[in-house]
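**Student:** sequence isn't available, so here's the structure alone:
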DNA sequence: ATGAAAGCGCTAACAG
DNA sequence: CTGTTAGCGCTTTCAT
């Protein structure tokens, strides 16, 4: 059998296939074409694979001289450990699956925090996105095949029954949504306290006629409604509670703001489900000639990048993403280690950030 | 050796460890505690592992009766194929790595499209996010260990030298950013044409005094500047070109808009690097009492969800995400298959979407 | 400190 | 159509 010289490199796979064809004998293929393996490094360093494995993992049991030699060999070969093979062999995968919605800016913030936390705890993250064409189920299923040891779900919409089913398979941490089930861990912001702080602030400024534009069926929306009502009650303003149906997008806020403008008497302040929706509210109010905060105070929720923009300068309830994410990873790790856990649900206090959209009422 | 009854399930890993301890003999552990394997399914169905493998992969070579039996056994056991093991064994991983910035809404749209495209092409996606605490290098490195066959980078900031280095290892597709390098595939929007359409539209409406708020050093910004200039030139308005430094956030747009307001004579129309920045522009203009589109027309870029919001209704240049993503996956696949490729760089035409922020000039 | 050998769960040759 | 066999690249005993 003769080989014509390849006319040009046409494909990565063709290369591999060739390498395989030309070495049908059990002897190893030349390291030139394949991605280098432990065996290649071992051969080059003149030691056994086991030793190389030890060195690559920084595990104890190799002389520093050997370590040095092995490291150089690996370096020269451009060796990269194959995480699949590693995972396959190890009892633990140290992999945590994360399901997030790619369109939610707040999820973006959380993912950032999760990476940091996982890093510190020596875990890897496997991301799986929920998109318009890919639902939570899909996202979770793909993670299950990846041998994740635990799952962290950001604001999932799936029914509790499904979450419970998952939790039976493996540790499950749900973030930013309450779940009433014995085996599901929950890490979330104290939404009730958050709205409480918002209302306290407004009342302290002198507002008595307030409104709340809610989040509809979004995770946390019910709690925030309750927080709004409860806080007014505390201040003896229960009768003045006004809740308008909203949602979690700018559009939802804009629509609700128009409804708000039809209210008589017009409230002097409004709390909004989240910053995104609050942006829509601000836009409609200003277009309608309502001065913010002169004629109307507005409070958001999340302290997203949006709120911090100087031209928006939204007073808002900040979620503690650092806590939410590090506790989520810590909880998953604790479950995997079998540490004792007393509180299934961790509720993190938020804090109000006062910026430029709130002021005393002028009417 | 006696076992005390376990007081309570304390850990997933303890369970596994126990299972391992109590079965030190080479015989297989009971399927009860481990996640079921092909062997378990095979045993239950009374066939060989190989056959089960065939059935699970929907590969030819099994009678439908057997298929049925195997499927039921797998179902009863709750069997899930282990993708790591599968990948380890197969020559191909059919895995494409994707690096994206978790804070960019537009990347979110792209990721959605990529999932769909990958699905159709029978590839899997491995996501790796760039976050404030995790740079592109990190994101790429983790993907390399996952045995991805190709990489798709969304709007990367890394220097061309690094991209070239990567491209030498494996097929590399860069999306939404031009890269001048022989081995790097690029799929991007025709930014020049996009700005051309925007300017054509404004000129057709009667505008002669226009401005462009640019994207600074963002991917694509240089092209859009050039597109703006070139289009004015075509219309004999080269002298009227006004470019203000901007960026890709609302904040950047807001700042630039303030600068714009100091211009004399004030332009009657402005094109903005992207929708996000345009939002900031709109906000500042309206706050300053400038009516849009009465006093000033505004055109964005991206056709993000933002632009579509009815209260914003931004006239904008739409990027064809469907094309961008399906071509990206197709290109990666083509490289892997060794298909002939004529155009290293694919430039996709955008199209203008006229909404409510543009109108004839009144000044 | 080092090496030999046994698999992790799966797919791919090949034989029957 | 079905079973047997041999690894993928790595970690992990267990010897030495």
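**Tutor:** Okay, I see it. Everything numeric here is computed off the predicted structure, so don't read it as measured data.

**Student:** element containing residue A:152?
**Tutor:** Per DSSP states H and E, residue A:152 falls inside strand A:150-154.

**Student:** hmm, the helix or strand hosting residue A:333 touching DNA strand D?
**Tutor:** Element membership for residue A:333 (DSSP H and E) is helix A:321-337. No. Figure legend: helix A:321-337 not in contact with DNA strand D (Cβ under 7 Å from any atom of the strand); closest approach 14.6 Å. C-beta here means a position set from N, CA and C on the backbone, and glycine is covered the same way.

**Student:** which outside residues touch that helix?
**Tutor:** By Cβ atoms under 8 Å, 6 or more residues apart in numbering or on different chains, the surrounding residues in contact with helix A:321-337 are A:92, A:96, A:109-110, A:112-114, A:116-118, A:120-121, A:123, A:149-152, A:171, A:173, A:175-176, A:185, A:187-189, A:341, A:346, A:348, B:11-13.

**Student:** which members of the residues you listed occur in strands, if any?
**Tutor:** Members of the contacts of helix A:321-337 lying in strands (criterion: DSSP state E): A:96, A:150, A:151, A:152, A:173, A:175, A:185, A:187, A:188, A:189, A:346, A:348.

**Student:** how many neighbouring residues does the fourth one have?
**Tutor:** Read that as residue A:152. 30 (other Cβ atoms under 10 Å in any protein chain shown).

**Student:** ok, now which ones touch it?
**Tutor:** Per Cβ under 8 Å, 6+ apart, neighbours of residue A:152: A:96, A:97, A:98, A:99, A:114, A:173, A:175, A:328, A:329, A:332.

**Student:** do a quick rundown of the helices in the stretch 51-200 of chain A.
**Tutor:** Counting by DSSP state H, counting those that start in this stretch, one finds helices in the stretch 51-200 of chain A at the ranges A:64-77, A:83-89, A:105-120, A:136-145, A:160-169, A:191-205.

**Student:** now for the last one, which elements pack on it?
**Tutor:** Counting contacts by 3 or more Cβ pairs under 8 Å, 6 or more residues apart in numbering or on different chains; DSSP states H and E, helix A:191-205 is packed against strand A:210-213, helix A:221-234, strand A:269-272, strand A:297-302, strand A:315-318, strand A:351-353.

**Student:** so that helix versus helix A:221-234, what angle?
**Tutor:** Orientation check (axes from the mean of the first three to the mean of the last three Cα atoms, to 10 degrees): helix A:191-205 against helix A:221-234 gives 40 degrees.

**Student:** now do the first one
**Tutor:** Interaxial angle of helix A:64-77 relative to helix A:221-234 (the same axes, to 10 degrees): 110 degrees.

**Student:** flag every buried residue along helix A:64-77.
**Tutor:** A:66, A:67, A:69, A:70, A:71, A:73, A:74, A:77 (16 or more other Cβ atoms under 10 Å in any protein chain shown).

**Student:** in TSV: those residues, plus distance to residue A:203 and pLDDT.
**Tutor:** Output for those, formatted as TSV (distance: Cβ to Cβ, whole Å; pLDDT from 0 to 100):
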residue	distance to residue A:203	pLDDT
A:66	70	91
A:67	65	93
A:69	71	93
A:70	67	94
A:71	64	94
A:73	70	93
A:74	64	94
A:77	68	91
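
**Student:** dump those residues into TSV; add distance to DNA strand D as well.
**Tutor:** Output for the buried residues of helix A:64-77, formatted as TSV (distance: Cβ to the nearest atom of the strand, whole Å):
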residue	distance to DNA strand D
A:66	14
A:67	14
A:69	17
A:70	12
A:71	14
A:73	12
A:74	10
A:77	11
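
**Student:** out of those residues, which one sits closest to DNA strand C?
**Tutor:** residue A:66 (3.5 Å; Cβ to the nearest atom of the strand).

**Student:** how near is the closest one to residue A:37?
**Tutor:** From residue A:66 across to residue A:37, the span is 18 Å (Cβ to Cβ, to the nearest Å).

**Student:** what of residue A:135?
**Tutor:** Distance of residue A:135 to residue A:37, computed by Cβ to Cβ: 38 Å.

**Student:** okay, the two: which has more neighbours?
**Tutor:** It is residue A:37, of residue A:135 and residue A:37, that has more neighbours when counted by other Cβ under 10 Å, with 19 against 13.

**Student:** was I right to think that one contacts residue A:86?
**Tutor:** No. Using Cβ atoms under 8 Å, residue A:37 makes no contact with residue A:86, being 11.7 Å away.

**Student:** circling back to that earlier point, okay if I get the helices of the stretch 51-200 of chain A as JSON lines plus distance to residue B:274?
**Tutor:** Output for the helices of the stretch 51-200 of chain A, formatted as JSON lines (distance: least, Cβ to Cβ, whole Å):
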{"stretch": "helix A:64-77", "distance to residue B:274": "42"}
{"stretch": "helix A:83-89", "distance to residue B:274": "36"}
{"stretch": "helix A:105-120", "distance to residue B:274": "15"}
{"stretch": "helix A:136-145", "distance to residue B:274": "28"}
{"stretch": "helix A:160-169", "distance to residue B:274": "37"}
{"stretch": "helix A:191-205", "distance to residue B:274": "32"}
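
**Student:** mean pLDDT for those: which is lowest?
**Tutor:** Lowest mean pLDDT of those: helix A:83-89, a mean of 87.

**Student:** avg pLDDT for the strand holding residue A:152?
**Tutor:** For strand A:150-154, mean pLDDT rounds to 97.

**Student:** for stretch A:326-343, same thing?
**Tutor:** For stretch A:326-343, mean pLDDT rounds to 93.

**Student:** now stretch A:171-186
**Tutor:** For stretch A:171-186, mean pLDDT is 96.

**Student:** what does it contact?
**Tutor:** Contacts of stretch A:171-186 (Cβ under 8 Å, 6+ apart): A:110, A:149-156, A:160, A:163-164, A:166-168, A:187-189, A:219-220, A:223, A:319, A:324-325, A:328, A:331-332, A:335-336, A:341, A:344-346, B:12.

**Student:** make a PyMOL selection of the buried ones in those.
**Tutor:** Here is the PyMOL command that selects the buried residues among those (16+ other Cβ under 10 Å):
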select buried, (chain A and resi 110+149+150+151+152+153+154+155+156+163+164+166+167+187+188+189+219+220+223+319+324+325+328+331+332+335+336+346) or (chain B and resi 12)
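
**Student:** how much space between the residue in the stretch 201-350 of chain A that DNA strand D sits nearest to and residue A:125?
**Tutor:** DNA strand D sits closest to residue A:336 of the stretch 201-350 of chain A, with a gap of 14.6 Å, by Cβ to the nearest atom of the strand. Residue A:336 sits 14 Å away from residue A:125, going by Cβ to Cβ.

**Student:** give me every residue that touches residue A:344.
**Tutor:** Residue A:344 is in contact with A:182, A:184, A:185, A:186, counting by Cβ under 8 Å, 6+ apart.

**Student:** neighbours of the first one, how many?
**Tutor:** The criterion is other Cβ under 10 Å. On that basis, residue A:182 has 7 neighbouring residues.

**Student:** now residue A:237
**Tutor:** Neighbour count for residue A:237, taken as other Cβ under 10 Å: 16.

**Student:** tell me the contacts of it?
**Tutor:** Shown in contact with residue A:237 (Cβ under 8 Å, 6+ apart): A:203, A:208, A:210.

**Student:** residue A:111 too?
**Tutor:** A:98, A:100, A:127, A:154, B:102, B:129, B:131.
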